[in-house]
Structure formats: C-alpha cells, structure tokens
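Q: sequence and predicted model, in that order:
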Amino acid sequence: MTDIAVVNGAAGALGRAVVRALVARGDHVVAVTRDGRPGDLGTDGVRVEAADLTAPDQVEALWRRLDESGDRPRWVVNAAGGYRPGSVVETDPDGYRFVHDLNLVTAWWSCRAAATRLSAGGGIVNVASRSALVGGAGSAAYTVAKAGVVRLTTVLAAELAGRGVRVNAVLPSVIDTPANRDTMSREAMRTAVPTDDVAAVVSFLCSDAARAVTGAAIPTYGTTS
C-alpha cells in the first residue's frame, strides 16, 4: 500500500505549485482537476483524476476510486478556489453561489470525504485567504466564503484531534500568478507572493515536521503586504 497526497484544484496556479513541491520531495500525488486532463501535471509520480468538487456525489466517487486503488491517502490539500469581486448589494444569487461553491463547498465535501479515511499522522491543508481576516468592501462573497474555510479548518481540527489527524489552513493574499499579472495593477503585484513560496508552506504542513501544528491559519502573504 502506497501513501499518497491528494491535491484538489490541481489545475490552478497554486495547485500546480503544490503538486510540484510534493513530487519534488518524493510523494506520490493524485492531482484532482475538473476535467481530468493531465496537461503539465502528467509527470512521474502524478496520477490525474477528474471530479467536480462542488458535487458531493462526484467527490465520493473520487474517493471510492482511491479506496479501490489500494493507495492510502495521507495528505489532502484543498486548493480549489477563485475570485469574483462585488459588494453584498452588487452580488446576485448566481454570483454568490458561484463564489461560495468554488471556495467553501469544494473544501467542505473534500474535507468530509477525507475525514472518514485519514488515519493518525495524516493531515488536511485548506487554502483560505487573508481576506478571511481583513476583507473589505468589494470582495463580499469571496471574503465570506474564505472565512468559512477558516472556520471549517478549526472545527474539523477539533473533531479529528483525537484520531491524530491534523487540519490547517494557509492564508495567501495576492499570489503571483499569470491571471493576477494580467488583471491587477503593477503596484498590487509588487507585494505578490510566488506560488512556490506558498506551496512550500503547504508542503511543510503536509509533513511530520509540522506534527505539533493543527487548527492553525498560517499567514502566507509575505512581509510587505
């Protein structure tokens, strides 16, 4: 039986960086994307699986496939997410559901599936956001969803502590991604943190070196944000 790391949202810039970091240290990785296409994830040590992480039936089907493979998930990273601006008044029901589902619902169903399967020494890392702590006008749905991810992390950490399973979150601010470089100002990007730097923190939390850390929300927005 092989220990594996499951990276959800692996097609995104941060998800790909997390996959790279885990593979570089020798982990076997299951990279979960919506369409299951390998793209640049198709390397040694990586198996790509498809799932719509907003759909509980697809998440359960994914985890049943992992059960049947004989592999043993030890680390789970929930990196699916996305941003859409808007105030409370400006955000319509469809916009709210889109942001809520992409950021919080994906983490919820993946955490739920992992919680019944991980054993002592395993761990979950959720990707939240600095906005969960200091969100202001203009990012209402995103801020609320990411705050939910932080609370999900602390609640599940308490629920799984007795089993020796750790649950933590990272809180990026602006990440240096191609999409952000295309849409954000040069001034905003001046303090952006490289994806590999955030992935390094995720990799640490997915290790025995972080065995004393659970229920934490780790700032990963550098020193000049």
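A: Received it, and whenever you're ready, just let me know what you need. Residues are numbered from 1 along each chain as shown.
Q: please count neighbours and contacts with C-alpha atoms only from this point.
A: Will do.
Q: just for the protein, where's the confidence low?
A: Across the chain, the stretches falling below the confidence threshold (pLDDT under 70) are 42, 175-176, 180-184, 187, 192, 224-225.
Q: name the element the spatially most distant residue from the centre of the chain belongs to?
A: Among residues of the chain, the one most distant from the C-alpha centroid is Val89; the distance is 28.1 Å, by CA atoms, centre = their mean. Taking DSSP states H and E as the criterion, no element holds Val89; it sits outside all helices and strands.
Q: could you do the one 10 residues further on as well?
A: Val99 belongs to helix 93-100 when assigned by DSSP H and E.
Q: what segments of the protein are strands?
A: Taking DSSP state E as the criterion, the chain carries its strands at 3-8, 28-33, 46-50, 72-78, 123-127, 166-171, 175-176, 193-194, 217-219.
Q: what are the C-alpha coordinates of the fourth one, in CSV please?
A: What follows is strand 72-78, C-alpha atoms only, in CSV (Å, rounded to 0.1, in the frame of the first residue of the first chain):
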residue,chain,number,x,y,z
ARG,A,72,-3.6,5.2,1.3
PRO,A,73,-4.2,9.0,1.3
ARG,A,74,-2.1,10.6,4.0
TRP,A,75,-2.2,14.3,2.9
VAL,A,76,-5.0,16.2,1.4
VAL,A,77,-4.7,19.8,0.0
ASN,A,78,-7.8,21.7,-0.9
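Q: all helices of this structure, in order?
A: Counting by DSSP state H, the segments of the chain that form helices are 13-24, 56-69, 93-100, 106-115, 131-134, 140-160, 178-183, 186-189, 195-205.
Q: circling back: and the helix holding Val99, how far from the chain's centre?
A: Between the centre of helix 93-100 and the centre of its chain there are 19 Å (CA atoms, centre = their mean, to the nearest Å).
Q: one more: stretch 64-76?
A: With CA atoms, centre = their mean, you get 18 Å for stretch 64-76.
Q: for the helix holding Val99, give me every contacting residue.
A: For helix 93-100, the surrounding residues in contact (CA atoms under 8 Å, 6 or more residues apart in numbering) are 81-84, 141-142, 145.
Q: now list the buried members of those residues.
A: Buried residues within these, defined by neighbour count using 16 or more other CA atoms under 10 Å: 81, 141-142, 145.
Q: can you add distance to Thr116 and give those residues back as a markdown table?
A: Output for the buried ones among the contacts of helix 93-100, formatted as a markdown table (distance: CA to CA, whole Å):
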| residue | distance to Thr116 |
| --- | --- |
| Gly81 | 23 |
| Ala141 | 29 |
| Tyr142 | 28 |
| Ala145 | 24 |
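Q: which two of the residues you listed have the greatest separation?
A: Taking CA to CA as the measure, the buried ones among the contacts of helix 93-100 span a maximum distance of 12.2 Å, between Gly81 and Ala141.
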